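S.K.: Quick one: sequence and predicted model below, then my questions.
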Amino acid sequence: MKKFYVTTAIDYVNAAPHIGHAYEKIAADVIARYYRMRGYDVFFLTGTDEHGSKVEKSALAAGKTPIAFCDEIAETFKQSWLNLGLSFDYFIRTTEERHAKVVQSLFTKLKEQGDIYKSTYEGLYCEGCEDFLRERDLDESGNCPNHKKPPRKIAEENYFFKLSKYKPLIKAWLEENPEAVRPDGRRKEVLNQLNDPELTDFSVSRSRKSLNWGIDIPGDHDQVIYVWMDALTNYITGAGYLTDDEHFQKYWPADLHLIGKDITKFHSIYWIAFLMAAGIPLPKQIYAHGFITVEGQKISKSLGNVIDPNKLVEEFGADAVRFFLMSGTSFDQDGDFSRHEFVRKVNAELANNLGNLLNRTLKLIENNLDGKIPDAKPEHDLREKANTLHAVFDSCMEKLEFAKAVEAIMAILDQTNKYINDEKPWTLFKEGKVKEASEVLYTSVEMLRRVAFQIYPFTPKLASDIWWQLGHDDNIEVLGDSDRPDGFFDMIPVGQKVRNTGPIFMRLEEAVKS
Ligand code: ME8
Ligand code: MG
């Protein structure tokens with residue numbers, strides 16, 4: 001069976017999740033569900049990044065021990081993802097014991113072969129980035145351009161990783177594999193960074209004098225392992241490296257590391273270098289998505305515009321949130337969440353375009369055909385168009401062009417709505433043209449069956465409800481069984497009784513309920 005291993009970035013637990021974090025995790029879930037449906041054996045990993053100075057400070061500020069603090073916030077993340085209907089196979093925490101063992105073994109291996117050596121680090125460190133900065137990276141006020149805070153000057157004896165040795169190899173890898181880092185603009189950005197002579201060996205440890213909350217370096221209790229080396233390694237720990245060889249062999253290398261654009265360097269340079277040094281096969285693709293703003297502004301605690309995804313789910317349901325975030329903007333670009341646009345789009349596309357079509361089709365079948373799927377075939381042209389749009393849909397999904405994939409679904413719905421309006425089955429019934437009316441309705445349910453299948457990765461609950469109203473007794477998810485990977489092209493059984501239990505999707509109200 002074909003496999004697909006998809007990962008997300010693991011979130012820092014210094015604060016609760018916001019919709020920017022949710023955005024990435026939903027995208028990973030859409031991918032996981034899509035590939036499962038196509039008959040792949042999918043492994044979907046997500047989790048939390050729990051070490052480092054940022055987390056240590058937040059715990060201190062909350063008056064908690066780091067681990068008690070992490071336990072609490074990690075649980076909030078996990079619960080939020082369950083509320084959004086995410087079907088992750090494993091939720092990894094970097095404070096897991098088995099993870100420390102993997103990180104330590106990687107560190108030791110690289111040290112023994114001379115890729116990690118001791119030296120003195122003197123320079124600037126931004127805690128927000130958990131990254132070392134150079135003078136020329138700073139803005140006019142001497143601040144980190146991302147976090148608007150001055151970096152800290154540190155002078156420590158640290159362990160360094162010999163990135164210089166791997167730079168040419170990473171460059172060759174990027175040149176030979178044009179799909180390895182996407183979108184292509186990000187790949188070019190990484191190639192430019194690799195050409196920068198100042199990108200060189202970097203520190204992979206911190207002195208315990210400045211940071212206590214991290215993984216111990218074997219044989220040197222004065223140092224902890226740099227949080228990025230720790231965090232990146234989660235992708236192999238989660239797959240079973242050193243603990244479950246069979247699982248690791250089956251799923252590694254990852255097919256897709258899904259990350260935000262701000263952490264491209266860590267994945268496309270540092271992670272690849274560590275893997276090369278360790279002799280572990282490289283991931284097939286790193287995809288860096290854009291950022292979500294809220295009402296046009298960067299999400300930030302100080303602006304007070306942090307949206308809790310759980311609140312949105314409570315108010316509007318997981319499907320609406322998932323659908324809007326995935327279809328609102330192109331995945332490689334930055335996108336915006338505004339309450340007005342959210343309500344408008346979801347109502348127009350899910351409540352009207354999809355919901356009304358299903359509702360009126362089932363009503364007509366119920367009132368005129370005893371609620372049974374008529375003995376007819378779908379109208380030729382519409383079926384051909386749907387087949388063509390399905391090919392477009394698949395190619396968009398493979399390229400992570402979610403908004404375009406949803407557009408293809410909406411195009412099928414638009415055409416079916418137009419077709420019904422033109423053919424007027426209600427008039428045909430009145431004129432006694434049952435055969436003609438039946439063909440129209442059969443065509444409509446067949447298009448809806450196909451749409452249920454395509455929209456499933458985005459709105460799993462809604463898709464199952466459509467499936468059920470169309471009269472199916474099995475779960476829509478079984479379509480993905482490996483013996484039925486082409487379920488899309490099946491037909492709806494004649495005589496099947498539909499279940500017209502009312503609107504499938506309730507219109508959203510923009511005003512906050514008081
Ligand atoms: O960077 N829109 O964690 P993190 C879209 N622990 N994506 C966003 C976003 C926004 N407004 N804000 C954040 C880290 N993200 C590390 C990752 S991986 C081995 C370690 C994305 O909590 C961000 O780009 O700062 C990243 O992919 C993820 O959320 C976690 O961010
Ligand atoms: Mg961040």
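M.R.: Yep, that arrived. Since the model is a prediction, treat every value here as computed from it, not as a measurement. Residues are numbered from 1 along each chain as shown. Ligands and ions are numbered 1, 2, ... in the order given.

S.K.: use CA for all of it now, contacts and neighbours both
M.R.: Will do.

S.K.: which residues touch the residue in the stretch 51-200 of the chain positioned nearest to ligand 1?
M.R.: Of all residues in the stretch 51-200 of the chain, residue 129 sits closest to ligand 1, at 7.5 Å by C-alpha to the nearest ligand atom. By C-alpha atoms under 8 Å, 6 or more residues apart in numbering, residue 129 lies in contact with 146, 147.

S.K.: again, 10 Å this time
M.R.: Taking C-alpha atoms under 10 Å, 6 or more residues apart in numbering, we find residue 129 in contact with 54, 144, 146, 147, 151, 228, 262, 263.

S.K.: Give me the buried positions along the host helix or strand of the first one.
M.R.: Per DSSP states H and E: residue 54 is located in helix 53-61. Applying a neighbour-count criterion of 16 or more other C-alpha atoms under 10 Å, the buried positions in helix 53-61 are 53, 54, 55, 56, 57, 58, 59.

S.K.: The first one: what's its closest spatial neighbour, skipping adjacent residues?
M.R.: Same thing as residue 53. Take residue 53 and drop its neighbours on the chain: the residue closest to it by C-alpha to C-alpha, 6 or more residues apart in numbering is residue 211, 6.1 Å away.

S.K.: Residue 66 is in contact with that neighbour, correct?
M.R.: No: using C-alpha atoms under 10 Å, residue 211 is not in contact with residue 66; the gap is 11.9 Å.

S.K.: Overlap of the contact sets of these two?
M.R.: Joint contacts of residue 211 and residue 66 (C-alpha under 10 Å, 6+ apart) are 51, 56, 57.

S.K.: Just give me the neighbour total for the residue nearest to residue 53.
M.R.: 20 (other C-alpha atoms under 10 Å).

S.K.: That one should be in a helix, yeah?
M.R.: No: going by DSSP: H, G, I helix; E, B strand; the rest coil, the assignment for residue 211 is coil, not a helix.

S.K.: show me what contacts it?
M.R.: Counting by C-alpha under 10 Å, 6+ apart, residue 211 makes contact with 51, 52, 53, 54, 56, 57, 205, 222, 223, 224, 225, 226.

S.K.: Quick check, residue 498 in contact with residue 449.
M.R.: No: Residue 498 lies out of contact with residue 449 (C-alpha under 10 Å); the separation is 11.9 Å.

S.K.: any residues in contact with both of the two?
M.R.: 467, 470, 472.

S.K.: If we ignore the residues flanking it in sequence, what's nearest the second one?
M.R.: When you say that, I think you mean residue 470. Residue 470's closest residue in space is residue 498 (C-alpha to C-alpha, 6+ apart), at 4.8 Å.

S.K.: List phi and psi for that neighbour.
M.R.: phi -80, psi 160 (degrees, to the nearest 10).

S.K.: ditto for residue 227
M.R.: Per-residue torsions, residue 227: phi -60, psi -30 (degrees, to the nearest 10).

S.K.: In the stretch 101-250 of the chain, which residue sits closest to ligand 1?
M.R.: Counting by C-alpha to the nearest ligand atom, the stretch 101-250 of the chain gets nearest ligand 1 through residue 232, at 3.9 Å.

S.K.: quick one, what contacts that residue?
M.R.: By C-alpha under 10 Å, 6+ apart, residue 232 lies in contact with 9, 10, 49, 94, 103, 266, 267, 270, 271, 272, 274.

S.K.: how about the strands in the stretch 51-200 of the chain?
M.R.: Under the criterion DSSP state E, counting those that start in this stretch, the stretch 51-200 of the chain contains strands at 90-93, 116-126, 131-133, 152-161, 181-182.

S.K.: looking at the ones you listed, which is buried most?
M.R.: Neighbour counts (mean count of other C-alpha atoms under 10 Å) averaged over each of the strands of the stretch 51-200 of the chain peak at strand 181-182, with a mean of 22.

S.K.: is it up against ligand 1 anywhere?
M.R.: No: Strand 181-182 lies out of reach of ligand 1 by C-alpha under 6 Å from any ligand atom, never closer than 14.0 Å.

S.K.: Can you name every helix or strand that that strand contacts?
M.R.: helix 184-195, strand 256-260, strand 286-289 (3 or more C-alpha pairs under 10 Å, 6 or more residues apart in numbering; DSSP states H and E).

S.K.: What residues of the longest one count as buried?
M.R.: By that I understand helix 184-195. In helix 184-195, counting by 16+ other C-alpha under 10 Å, buried: 186, 187, 188, 190, 191, 193, 194.

S.K.: Look up how far residue 289 lies from the nearest residue to residue 437 once chain neighbours are set aside.
M.R.: Leaving aside its sequence neighbours, residue 437 sits nearest to residue 425 (C-alpha to C-alpha, 6+ apart; 4.7 Å). Distance from residue 425 to residue 289, counting by C-alpha to C-alpha, to the nearest Å: 45 Å.

S.K.: what residues does this structure put near ligand 1?
M.R.: When proximity is defined by C-alpha under 6 Å from any ligand atom, the chain lies next to ligand 1 at 9-12, 20-21, 24, 49, 231-232, 259-262, 290-293, 299.

S.K.: Using ChimeraX, define a selection of the buried residues within those residues.
M.R.: In ChimeraX syntax, the buried subset of the residues of the chain next to ligand 1 is picked out as below (16+ other C-alpha under 10 Å):
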select :9,10,11,12,20,21,24,49,231,232,259,260,261,290,291,292,293,299
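
S.K.: Now, the residues of the chain next to ligand 1 that are in helices?
M.R.: Judged by DSSP state H, helices contain the following of those: 20, 21, 24, 231, 232.

S.K.: Could you dump those residues into TSV with pLDDT and distance to residue 377 added?
M.R.: What follows is those, written out as TSV (pLDDT from 0 to 100; distance: C-alpha to C-alpha, whole Å):
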residue	pLDDT	distance to residue 377
20	97	45
21	98	45
24	98	41
231	98	54
232	98	53
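
S.K.: Please give the element, helix or strand, for the closest residue in space to residue 397 that isn't next to it in sequence.
M.R.: Using C-alpha to C-alpha, 6+ apart and skipping residues adjacent in sequence, the residue nearest residue 397 is residue 405, 6.2 Å away. Here residue 405 sits within helix 402-423, counting by DSSP H and E.

S.K.: ends of stretch 147-163, how far apart?
M.R.: So stretch 147-163: terminal residues 26 Å apart, C-alpha to C-alpha.

S.K.: so where's this protein uncertain?
M.R.: 478-486, 513-514 (pLDDT under 70).

S.K.: For residue 144, see how far away the residue of the stretch 51-200 of the chain closest to ligand 1 is.
M.R.: For residue 129, the distance to residue 144 - C-alpha to C-alpha - is 9 Å.

S.K.: separation between residue 401 and ligand 1?
M.R.: In this view, residue 401 and ligand 1 are 16 Å apart by C-alpha to the nearest ligand atom, to the nearest Å.

S.K.: List the residues that contact that residue.
M.R.: By C-alpha under 10 Å, 6+ apart, the neighbours of residue 401 are 326, 327, 329, 330, 331, 332, 393, 394, 395.

S.K.: Kindly supply the PyMOL command isolating those of those that are buried.
M.R.: This is how PyMOL selects the buried members of the contacts of residue 401, with burial counted by 16+ other C-alpha under 10 Å:
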select buried, resi 326+327+329+330+331+332+393+394
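
S.K.: Which of the contacts of residue 401 fall within helices?
M.R.: Those of the contacts of residue 401 lying in helices (DSSP H): 326, 327, 393, 394, 395.
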